[in-house]
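S.K.: Build me a model from this:
(chains A and B)
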Protein chains: 2
Amino acid sequence: MLAEIVAVGDELLYGDIINGNAAWLGRQLADVGIRVATSVVVGDDVEMIERALRAAAGRADVVIVSGGLGPTQDDLTREGIAAAAGVALRRDEFLESLLRRRFTELRRDVPAMNYRQADLPEGAEPLPNGPGTAPGIRIEIGRAALYALPGVPHELYAMFTASVLPDLLRRAGQPSVVVHRVLRTAGIWESSVAEALSGEVDRLRDVGNPTIAFLASEGQTRVRVTARAGDRAEALRLIAPVETAARAALGPAVYGVDDETLAGVVGAWLATLGATVAVAESLTGGRLAAALTETPGASTYFRGGAVVYATDTKASVLGVDAEILATDGAVSARAAAALAAGARDLFGATWGLATTGVAGPDEQEGKPVGTLHLGLAGPDGTTTRSLRLPGDRPRIQTFAVVQALDVLRRTLSGLPVHGAGPTGEIPAS
Amino acid sequence: MLAEIVAVGDELLYGDIINGNAAWLGRQLADVGIRVATSVVVGDDVEMIERALRAAAGRADVVIVSGGLGPTQDDLTREGIAAAAGVALRRDEFLESLLRRRFTELRRDVPAMNYRQADLPEGAEPLPNGPGTAPGIRIEIGRAALYALPGVPHELYAMFTASVLPDLLRRAGQPSVVVHRVLRTAGIWESSVAEALSGEVDRLRDVGNPTIAFLASEGQTRVRVTARAGDRAEALRLIAPVETAARAALGPAVYGVDDETLAGVVGAWLATLGATVAVAESLTGGRLAAALTETPGASTYFRGGAVVYATDTKASVLGVDAEILATDGAVSARAAAALAAGARDLFGATWGLATTGVAGPDEQEGKPVGTLHLGLAGPDGTTTRSLRLPGDRPRIQTFAVVQALDVLRRTLSGLPVHGAGPTGEIPAS
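M.R.: All right, here's what the predicted structure looks like:
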């Protein structure tokens, strides 16, 4: 079964919004063994929408459309679908009454245009929208099943999961099952990961199944092993030896699998050990705390943090010795150690984790952009790690968070932290 | 002149990475008056890449390709371009020597596969990659000019700006100029924005130029006015009366224009007033500090912040009275006021800005998901604002940051803050 994704919206074409929905949908389809041939973005233009939908419906078994179902004048997906299907667009009385009731419940004065959301192409069925207002649409165009979903992400997630996915599984009958297994690594370069696994990659190239792909983002490389089989158990049997070989090659760099996050893995370790952490941040400006608080239930192990952005606050809030700030400076290993201990003590945590460095664009204290000093203070004392990170300001800030979390992870799980040596690039593990 | 964007990568199709490059490229092309017909994603498969490039080159004047130029085995864009152009792929000696020199400078042991980055389709020219390693490619396919850029965002930005954009401007000759003007609003619903401007939208629908589009994200709605003209001055003349009418209709909800950020506008106000701010965060977990520290130069006005995630730290770190925590609770207007004053005093700032609430997925202290109390402490005392936000955990956290920044913005610029009244949805302005 083959699918195409069509995302509608000028804001996507012209870059005001990034196409997160297509990414999410692609993942969902792959997870149930539906291959995605291509993913397309078109603007808020009935003719362009119609053309894209006709083309997709001509090539694929399933077409998922997102966006353009809202109440405003530039929401034209309903019109585009009707045109592609060659049918009329009609105001559906039942949907209209549902909308009227919803607006009354919300006690909102609703502009008349909002009732465009009750328009339905002839022969189509509406899909209920739990969290939102605009109904989705299901319609057959030729031999393709077309599903139109709202562009608002959490509405799209809910509608796809509740109404579309069950439909697709029924249609697929005996799906060709695709299973992904992702190994997540931190602290080593993507090309080092690829080189470590080049033996496996070469071996698999002849076999063709499973396949290995490398997905790099700031400071993290994911290794995705993908197998196709008649059923999930067989796919997992194909993956297992590849995963074993990859783990042996990558060692302590592997921190988790599939959708685990580095912050989540750190949190799980802290919870298991009955330990807590507090953070002290300078260049990362709150991003380290934000990463730790993404995971629901973080209050079990995260006490809090201090963003001591102004240099004097490192002393006044976290008690860093003025002598350190005067001699080594705020961007130094000694400052990182003092910040970590200060956070641990102020927040009454088991561990204190600190970042200080130069995010850019300017140098600081004569230290170059990308300088990073990490501090970790625990029951047995304090350690530091110093690095030089590549990239621009936002990339350095993100990279610094990953490095900080990885130092904590390795320490908690008894793995070697790369030597807390002189400033240098991330060494290959 | 018409363009198509082709992004290459299984990780994009299957949702491991979101297509930020296509968004950025779409914006760049629009800004110089080049219309983007469509934007496509294909996987790491030579045949699929070839097919997509042939199709795009057959329809458009310009094809921009991103991704698949790296050193690993799944980087197949060079092969795809050669196949689409019907030419051979050759190892370029000059590029090979450049790569060898770069690797020597970086003192990196380089796997042999990295030299695939020196392969070039016959008849193509390389594009230099300043920050990165993989050269880009420029080649004519039929009447289309095709440019292939690396997928790493900051390498793509640099190469497009330095090598592709000047080329496109030369080719366009007398471009049809497209100018966008974006008004950025916070604190009112998207449909209220659309309703407020429905008169303008109706009027313009007949004229067709300029056009108005509404772009909503958590708590912010952008109004984009787009005009086409023979030159930039004429386009700006077309935009001006529409902008004036929109500002009159939207009032204090407009916080900035074009690419200004709410945090940047707040920072500019603080800098102008010679004032500083410190933050106290609970549910937002560091995101408010992170927003304020995105802007280079934030150290001028941002003193720092305390993420007092664990309830007791609200008392122990920021001095919130235990009586407030015991009676009203940590999620309350009184707690928000005390947190704001605590942050202001601990960090020695002019202003203290605090967030406390329930991000979910669970209730807290019997208060429902989405509850938000904001506190603002200044030279003349403390105010609070209470709201109920829609959405799930990440959406609520982001929305809360926007609301907090907007309260500070309105206060600094002497605009009315929506009444600090009982909990309720964001009222239309």
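
S.K.: Quick one: list the elements packing against the lowest-mean-pLDDT helix or strand in chain A.
M.R.: Across the helices and strands of chain A, mean pLDDT, DSSP states H and E gives its lowest value to helix A:165-172, namely a mean of 80. Packed against helix A:165-172, as judged by 3 or more CB pairs under 8 Å, 6 or more residues apart in numbering or on different chains; DSSP states H and E, are the following elements: strand A:144-149. C-betas here are computed from N, CA, C, even on glycine.

S.K.: For the strand it packs on, give me every contacting residue.
M.R.: Outside strand A:144-149, the residues that touch it by CB atoms under 8 Å, 6 or more residues apart in numbering or on different chains are A:21, A:53, A:56-58, A:60-66, A:68-69, A:77-78, A:81, A:85, A:127, A:136-140, A:155-156, A:159-160, A:163-164, A:167-168, A:171.

S.K.: next SSE after it?
M.R.: Following strand A:144-149 in sequence order, the next helix or strand is helix A:153-159 (DSSP states H and E).

S.K.: ok, that following helix near chain B or not?
M.R.: Yes - shown here: helix A:153-159 in contact with chain B (CB under 8 Å from any CB of the partner chain) through A:His154.

S.K.: Please put the alpha-carbon coordinates of that helix into CSV.
M.R.: C-alpha atoms of helix A:153-159 as CSV (Å, rounded to 0.1, in the frame of the first residue of the first chain):
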residue,chain,number,x,y,z
PRO,A,153,-1.1,19.5,15.3
HIS,A,154,-2.8,18.1,18.3
GLU,A,155,-6.1,18.0,16.4
LEU,A,156,-4.4,16.2,13.6
TYR,A,157,-2.8,13.7,15.9
ALA,A,158,-6.1,12.9,17.6
MET,A,159,-8.1,12.6,14.4
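
S.K.: Just checking the distance from it to the centre of its chain.
M.R.: Relative to the mean C-alpha coordinate of its chain, helix A:153-159 is positioned 16 Å out (CA atoms, centre = their mean, to the nearest Å).

S.K.: avg pLDDT for that helix?
M.R.: Mean pLDDT, helix A:153-159: 92.

S.K.: Which strands or helices does that helix pack on?
M.R.: Using 3+ CB pairs under 8 Å, 6+ apart, helix A:153-159 is in contact with helix A:20-31, strand A:144-149.

S.K.: Need the winner for burial among the ones you listed.
M.R.: strand A:144-149 (a mean of 24; mean count of other CB atoms under 10 Å in any protein chain shown).

S.K.: That one pairs with which strands, and in what direction?
M.R.: strand A:62-66 (parallel), strand A:136-141 (antiparallel) (DSSP bridges).

S.K.: if we can go back for a sec, okay, the angle between the least confident helix or strand of chain A and strand A:62-66?
M.R.: Angle of helix A:165-172 versus strand A:62-66, following axes from the mean of the first three to the mean of the last three CA atoms, to 10 degrees, is 160 degrees.

S.K.: C-alpha coordinates for helix A:165-172, CSV please?
M.R.: Taking Å, rounded to 0.1, in the frame of the first residue of the first chain, the C-alpha atoms of helix A:165-172 are listed here in CSV:
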residue,chain,number,x,y,z
LEU,A,165,-5.4,4.7,11.3
PRO,A,166,-8.1,2.1,12.1
ASP,A,167,-9.4,2.6,8.5
LEU,A,168,-6.0,2.2,7.0
LEU,A,169,-5.3,-1.0,8.9
ARG,A,170,-8.6,-2.5,7.7
ARG,A,171,-7.9,-1.5,4.1
ALA,A,172,-4.4,-3.0,4.2
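
S.K.: In it, which residues are buried?
M.R.: Neighbour counts over helix A:165-172 (16 or more other CB atoms under 10 Å in any protein chain shown) mark A:165, A:168, A:172 as buried.

S.K.: pretty sure the last one is touching A:Gly33, no?
M.R.: Yes - judged on CB atoms under 8 Å, A:Ala172 makes contact with A:Gly33 at a distance of 7.0 Å.

S.K.: which residues are common contacts for these two?
M.R.: A:Met1.

S.K.: Any regions of the stretch 101-250 of chain A where pLDDT drops low?
M.R.: Scanning the stretch 101-250 of chain A with the threshold set as pLDDT under 70 gives A:107, A:173-176.

S.K.: residues from the stretch 101-250 of chain A in reach of chain B?
M.R.: A:110-111, A:113-114, A:154, A:180, A:182, A:190-191, A:194-195, A:198, A:201, A:205, A:213-215, A:217, A:222, A:224.

S.K.: Out of the helices and strands packed on helix A:153-159, flag the one nearest B:Thr300.
M.R.: Among those, helix A:20-31 comes nearest to B:Thr300, with 33.1 Å by CB to CB.

S.K.: Which other helices and strands does that closest one contact?
M.R.: Looks like helix A:20-31 contacts strand A:2-8, strand A:35-42, strand A:62-66, helix A:153-159, strand A:177-186, helix B:10-13 (3+ CB pairs under 8 Å, 6+ apart).

S.K.: Dump those into CSV; add distance to A:Pro252 and mean neighbour count as well.
M.R.: Shown next, in CSV, are these (distance: least, CB to CB, whole Å; neighbours: other CB atoms under 10 Å in any protein chain shown):
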stretch, distance to A:Pro252, mean neighbour count
strand A:2-8, 38, 25
strand A:35-42, 34, 24
strand A:62-66, 40, 28
helix A:153-159, 34, 20
strand A:177-186, 9, 21
helix B:10-13, 24, 28
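
S.K.: Of all the ones you listed, which one is nearest B:Leu2?
M.R.: strand A:35-42 (13.3 Å).

S.K.: ok, that closest one: who's next to it in the sheet?
M.R.: For strand A:35-42, pairing defined by DSSP bridges yields strand A:2-8 (parallel), strand B:35-42 (antiparallel).

S.K.: For A:Val225, which three-state class applies?
M.R.: strand (DSSP: H, G, I helix; E, B strand; the rest coil).

S.K.: make that A:Ala280, sorry
M.R.: On the basis of three-state DSSP, A:Ala280 is classed as strand.

S.K.: what's near enough to touch it?
M.R.: A:305-306, A:308, A:318, A:339-340, A:342-343, A:352-355, A:375.

S.K.: would TSV of those residues with distance to B:Leu99, secondary structure and neighbour count be doable?
M.R.: As requested, these are exported to TSV (distance: CB to CB, whole Å; DSSP: H, G, I helix; E, B strand; the rest coil; neighbours: other CB atoms under 10 Å in any protein chain shown):
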residue	distance to B:Leu99	secondary structure	neighbour count
A:Gly305	43	strand	36
A:Ala306	45	strand	32
A:Val308	43	coil	28
A:Leu318	46	coil	23
A:Leu339	41	helix	33
A:Ala340	41	helix	29
A:Gly342	46	helix	25
A:Ala343	44	helix	29
A:Gly352	43	strand	29
A:Leu353	38	strand	29
A:Ala354	38	strand	35
A:Thr355	34	strand	26
A:Gly375	38	strand	30
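
S.K.: Out of those, flag the one nearest to A:Phe103.
M.R.: Using CB to CB, these come closest to A:Phe103 at A:Gly305, 42.3 Å.

S.K.: Not counting its neighbours along the chain, what's nearest the closest one?
M.R.: In space, and not counting its chain neighbours, A:Gly305 is closest to A:Val279: 3.6 Å by CB to CB, 6 or more residues apart in numbering or on different chains.

S.K.: The one you found against A:Gly342, yeah?
M.R.: No - using CB under 8 Å, A:Val279 is not in contact with A:Gly342, being 10.8 Å away.

S.K.: That'll do, ta.
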